[in-house]
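Undergrad: compute the structure for the input listed below.
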Amino acid sequence: MGNFLEQEQSCNPLVLVVEDSILVAMAIEDALIDRGMDVVVATTLASAAGLVAQRTPNAALLDLQLPDGNTLNLADQLRDLGCAVAFSSAFDADAVPPSHAFAAQFQKPASPDLLCDWVVASLTEV
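TA: Residues are numbered from 1 along each chain as shown. This is a model prediction of the structure:
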């Protein structure tokens, strides 16, 4: 996974991937890197919060449920920082409350290319 400190010097868009399945996270990371993005991966809420405290991502792909909690509050924080947010979840569409309609939603398993398409589109909307 990419070196976060090196990416701080880059002018490429930064994408935060929050996913507890390392294989899924790596597939998404590889697809994003292939499209010219800088990527940081967090497998827990705690590690995601630490990364966000250091540098605000341009876009974030969030697994809805992690071992240490759900990512709803993180999504709120990222939105308030101007970050585009999407949830990827194996849960029903009802799992994301209406208060989080600002975030795109993808049903797992979503292909890395589909998620990358969303990232690219969300960055061009800004």
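Undergrad: what comes up buried for the helix or strand hosting residue 88?
TA: Per DSSP states H and E: residue 88 is located in strand 84-89. Within strand 84-89, the residues scored as buried using 16 or more other CB atoms under 10 Å are 84, 85, 86, 87, 88, 89. Where C-beta positions appear, they are placed from N, C-alpha and C, glycine not excepted.
Undergrad: and for stretch 72-79?
TA: Buried, per 16+ other CB under 10 Å, within stretch 72-79: 72, 74, 75, 77, 78.
Undergrad: in helices, which of the residues you listed appear?
TA: Residues of the buried residues of stretch 72-79 located in helices (DSSP state H): 72, 74, 75, 77, 78.
Undergrad: how about those in CSV, adding distance to residue 56?
TA: CSV is the format used below for those (distance: CB to CB, whole Å):
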residue, distance to residue 56
72, 18
74, 12
75, 14
77, 10
78, 8
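Undergrad: contacting residues for the spatially most central residue of the chain?
TA: Centroid-nearest residue in the chain: residue 61, 2.1 Å away (criterion: CA atoms, centre = their mean). By CB atoms under 8 Å, 6 or more residues apart in numbering, the contact set of residue 61 is 15, 16, 17, 18, 19, 28, 86, 88, 115, 119.
Undergrad: next: residue 31.
TA: 112, 113, 115, 116.
Undergrad: pull the residues that contact the helix or strand following the strand holding residue 88.
TA: Later in the chain than strand 84-89, the nearest helix or strand by DSSP H and E is strand 104-107. Strand 104-107 has contacts (CB under 8 Å, 6+ apart) with 84-90, 93, 96, 114-115, 118, 122.
Undergrad: who does strand 104-107 pair up with?
TA: Sheet pairing here is set by DSSP bridges, and for strand 104-107 it gives strand 84-89 (parallel).
Undergrad: now the strands for this protein?
TA: Under the criterion DSSP state E, the chain contains strands at 14-18, 38-42, 59-63, 65-66, 69-70, 84-89, 104-107.
Undergrad: and residue 23, how many neighbours?
TA: For residue 23, the count of nearby residues is 8 (other CB atoms under 10 Å).
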